[in-house]
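Visitor: Sequence first, predicted model second:
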Amino acid sequence: MSISKIRIALAQQRISADRDLNLMKGLSLIKRALQVRANLVILPELFNTGFYEKNLISVKELEKELDIILRLSKDKEIFIIAGVAEKCDRLYNSAVIIHRGEILGIYRKNLLFPLTKEKQIFASGGRLEVFDTSVGKIGILICYEIRFPELARKLVKKGAELIAIPAEFPKQRIEHWKTLLKARAIENQVFVAGVNCVEGDLGYGGNSMLVDPEGKVLVEGGIYQEILMSDIDLSEVEAVREKYPFLKDYESLDFTS
């Protein structure tokens, strides 16, 4: 059974070339989320490695890579969504859901960014999934995938009440980031939590953001490492859809002819 009212923490992390330091920073932000009694904390894309190739080469199997995070969460009620480099049969740009010391689910990025080496380094995941948790039905997209409204709409059709988007979005396109987060929330009448990283020598822009189903920005970060927190009521998703039945009009369309 899921709870309606939850506290979400956005862990806007500084990503560096030091893999161990990244893990420690992620751990520290989770501890801060615990201090504010968050039900859910979200870390950025590839929080453990960044896009540093030397880090990606040394990635361990997921349980070993995330050992300190799993141990921290073992006796805690908090849910953790973390973007990670995942070593399996291939290397994946993934996001995991962790609760009480266990990995409950894995989402692997489907659409890999074409302007970098991402397509050469990572394999594509090949599926979309909504994770049914006690803190709501959560869909996940990763960074570049925010540009594709069809992906968010498919998650909503699968029942998503919240779409979490771990990212490493560059500061030179940060206005795209902010606009796209709000657009995905408004057009799907869903909560959207975009968690970007900051600073580093690759120039990420921060501005992590939680947006409600009507497009209101509930909390927004700046350009430095920080933890952002907001309380939400997931029952607002259905309330907004009843008040503005726009999705029902979309479902009534017939494009077969």
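Guide: Alright, I've got the coordinates.

Visitor: Mind listing what's buried along stretch 17-36?
Guide: By neighbour count on 16 or more other Cβ atoms under 10 Å, the buried set for stretch 17-36 is 19, 22, 23, 25, 26, 29, 30, 32, 33, 34. The C-beta positions use only the backbone N, C-alpha and C, and glycine is treated the same way.

Visitor: Looking at those, which are in helices?
Guide: 19, 22, 23, 25, 26, 29, 30, 32, 33, 34 (DSSP state H).

Visitor: Just the strands from the protein, written as ranges.
Guide: 5-12, 40-42, 79-87, 91-99, 102-108, 130-133, 136-140, 162-166, 191-195, 198-199, 204-205, 209-211, 217-220, 226-233 (DSSP state E).

Visitor: what about this protein, any weak spots by pLDDT?
Guide: Applying pLDDT under 70 to the chain flags the ranges 1-2, 200-202, 256-257.

Visitor: Redo the strands of the chain as TSV? Include distance to residue 153.
Guide: Listed next are the strands of the chain as TSV, based on distance: least, Cβ to Cβ, whole Å:
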stretch	distance to residue 153
strand 5-12	22
strand 40-42	21
strand 79-87	20
strand 91-99	19
strand 102-108	17
strand 130-133	12
strand 136-140	10
strand 162-166	10
strand 191-195	13
strand 198-199	29
strand 204-205	26
strand 209-211	16
strand 217-220	21
strand 226-233	21
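
Visitor: Could you dump these into CSV and include mean neighbour count and distance to residue 173?
Guide: Shown next, in CSV, are these (neighbours: other Cβ atoms under 10 Å; distance: least, Cβ to Cβ, whole Å):
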stretch, mean neighbour count, distance to residue 173
strand 5-12, 24, 17
strand 40-42, 28, 21
strand 79-87, 25, 18
strand 91-99, 23, 18
strand 102-108, 18, 23
strand 130-133, 19, 28
strand 136-140, 25, 21
strand 162-166, 28, 14
strand 191-195, 28, 13
strand 198-199, 20, 15
strand 204-205, 24, 8
strand 209-211, 25, 15
strand 217-220, 16, 17
strand 226-233, 18, 21
